[in-house]
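Visitor: Return a 3D structure for these sequence lines:
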Amino acid sequence: MDLLGDAETPGSRKQFVDSAVKYLRDNGFDGLDLDWEYPSEPTRGGRAMDTANYVKLLRDVRAGFDGEKLPAGKEKLLFTTASPPACTSSGTICRRSIPRSIGST
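Guide: Model prediction:
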């Protein structure tokens, strides 16, 4: 998986979501946990635009899971993500930047 590429464009995000849903359903998983805590950290290969792209990816995953036509007898897929408790300048994803529609608390 290449989250840098998967998060970059609407098309790559859609492909990521579609393949994630298929993989999760085909293999009996109940959800997905994404953990990309330092998307813009240059020492980890991050770019300035990666934080915004990651937030877009989170939004698209949430929308894809919510919009899935549920297979008979199946429940909606779960979606969780790791984020730091506070905003810093170290390239971390800031919880305040995650839209409430994604389910941030």
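Visitor: CA atoms for contacts and neighbours, from now on please.
Guide: Will do.
Visitor: Could you give the number of residues near K69?
Guide: K69 has 10 neighbouring residues, counting by other C-alpha atoms under 10 Å.
Visitor: And K56, by the same measure?
Guide: With other C-alpha under 10 Å as criterion, K56 counts 19.
Visitor: Break down this protein into its strands, ranges please.
Guide: Ranges of strands within the chain are 31-34, 78-81, based on DSSP state E.
Visitor: what is F79 paired to in the beta sheet?
Guide: Beta-bridge partners recorded for F79 (DSSP bridges): L32.
Visitor: Would you mind listing the residues in contact with the nearest residue to K14 once chain neighbours are set aside?
Guide: Excluding its sequence neighbours, the residue lying closest to K14 (C-alpha to C-alpha, 6 or more residues apart in numbering) is D60, at 7.3 Å. By C-alpha atoms under 8 Å, 6 or more residues apart in numbering, the residues touching D60 are R13, K14, V17.
Visitor: about what we covered before: between the strands of the chain, which one is nearest to G5?
Guide: strand 31-34 (14.7 Å; C-alpha to C-alpha).
Visitor: How about that closest one, which residues are buried there?
Guide: In terms of neighbour count (16 or more other C-alpha atoms under 10 Å), strand 31-34 has its buried residues at G31, L32.
Visitor: Residues in contact with it: which ones?
Guide: L24, L77, L78, F79, T80, T81, A82.
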